[in-house]
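Colleague: have a look; sequence and predicted model below, questions after that.
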Amino acid sequence: MNDATTPRPFAAPSPAPAPAARIALVTGAGSGVGRASALALVAAGWTVVFSGRRLAALEDACAAATAVSRAVALPADVTDPASVAALFAAVRERFGRLDLLFNNAGVFTAGVPIDELPLDAWRAAVDTNLTGAFLCTREAFRLMKTQQPRGGRIINNGSISAHAPRPNSAPYTATKHAMTGLTRACALDGRAFDIAVGQIDIGNVATDMTVAMAEGMPQADGSRRAEPRMDVQHVADTVVHMASLPLGANVLFTTVMATAMPFVGRG
């Protein structure tokens, strides 16, 4: 029997390789935007490290994940350099890499005229909103530059306060303007290492931190009015979209806001 007619044994096609696990770290993941975004990332197939200062809140958030095995609670204080270093060391040891950092941890400050503002209140905003993001970004760069495959993505939680302040909000507004500068500088510096850096500016999302918005907020004209808020899931979905892009594409800045809030225009 010649070769042209010899039956050949059937060879099953090789199975496609399983997609590599994508590892994300979300700070401030125990509540609000951080919790919603971390849960949405798990639902989208990511393995997510939920980080924050309160272990009980982190464990509660992880328990709500669609895949509990891909939700990991690792407490840390972003204002403490040693705590941040230990957090990233734990991520490296457990997973060997980091594909996404969402710098979400942040605090509001009380609406106080700047001439009455205690220095401690200023420092609390700067330490958490700005220095915390810097410390986490520094550690993420160190890991993403050296891991194989190289690179990753960092998303910073900005605010529409980076474009227009509320009355008596100097500490919060200043840190969010600074976050925009951090985003731009790191987006530039990350290019050479396949690190994409972007920012999401959020306006009036419904969380426990923004209950006052529905009750009445000070306006630029001196009045006080209730403001509409949007569902936090819209923010989480936007974070997932930004995170899911290939590293060759980047959402440098995006704004997600309650449509009818007093931001666009003059009041």
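Modeller: The structure has been received and is ready for your questions. Residues are numbered from 1 along each chain as shown.

Colleague: would you map the helices across this structure?
Modeller: 32-43, 55-63, 81-95, 119-125, 132-146, 170-190, 211-215, 232-244 (DSSP state H).

Colleague: average pLDDT across the second one?
Modeller: The average pLDDT within helix 55-63 is 97.

Colleague: what is the neighbour count of residue 30?
Modeller: Applying other CB atoms under 10 Å, we find 25 other residues in the vicinity of residue 30. Any C-beta I mention is one placed from the backbone N, CA and C, and that applies to glycine too.

Colleague: try the one 5 residues further on
Modeller: Using other CB under 10 Å, residue 35 is surrounded by 25 other residues.

Colleague: excluding chain neighbours, what is closest to it?
Modeller: Closest residue to residue 35 in three dimensions, ignoring its sequence neighbours and counting by CB to CB, 6 or more residues apart in numbering: residue 61, at 4.7 Å.

Colleague: list the contacts for the one you found?
Modeller: By CB atoms under 8 Å, 6 or more residues apart in numbering, residue 61 lies in contact with 29-31, 35, 38-39, 50, 71, 73.

Colleague: let me have the residues you listed in CSV, extended by pLDDT and distance to residue 265.
Modeller: Shown next, in CSV, are those (pLDDT from 0 to 100; distance: CB to CB, whole Å):
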residue, pLDDT, distance to residue 265
29, 97, 34
30, 97, 35
31, 95, 31
35, 97, 32
38, 98, 34
39, 98, 34
50, 98, 38
71, 98, 41
73, 98, 42
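
Colleague: how about those, which pair is most distant?
Modeller: The distance between the two most remote of those (CB to CB) is 14.9 Å, for 31 and 71.

Colleague: and residue 197, what does it touch?
Modeller: Applying CB under 8 Å, 6+ apart, one finds that residue 197 lies in contact with 137, 153-156, 183, 186-187, 190, 250, 252.

Colleague: hang on, I meant residue 55
Modeller: 73, 75.

Colleague: now swap in residue 167 and tell me
Modeller: With CB under 8 Å, 6+ apart as the criterion, the residues that contact residue 167 are 111, 218-220.

Colleague: among these, name the ones in strands.
Modeller: Residues of those located in strands (DSSP state E): residue 218.

Colleague: which of the contacts of residue 167 are buried?
Modeller: With neighbours counted by 16 or more other CB atoms under 10 Å, the contacts of residue 167 contain no buried members.

Colleague: got CSV for the contacts of residue 167, with distance to residue 259 and pLDDT too?
Modeller: As requested, the contacts of residue 167 are arranged in CSV below (distance: CB to CB, whole Å; pLDDT from 0 to 100):
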residue, distance to residue 259, pLDDT
111, 24, 88
218, 21, 81
219, 18, 83
220, 19, 80
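
Colleague: the contacts of residue 167 into CSV, with extra columns for distance to residue 261?
Modeller: Conversion of the contacts of residue 167 to CSV gives the following (distance: CB to CB, whole Å):
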residue, distance to residue 261
111, 17
218, 14
219, 11
220, 13
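
Colleague: right, I'll leave it there.
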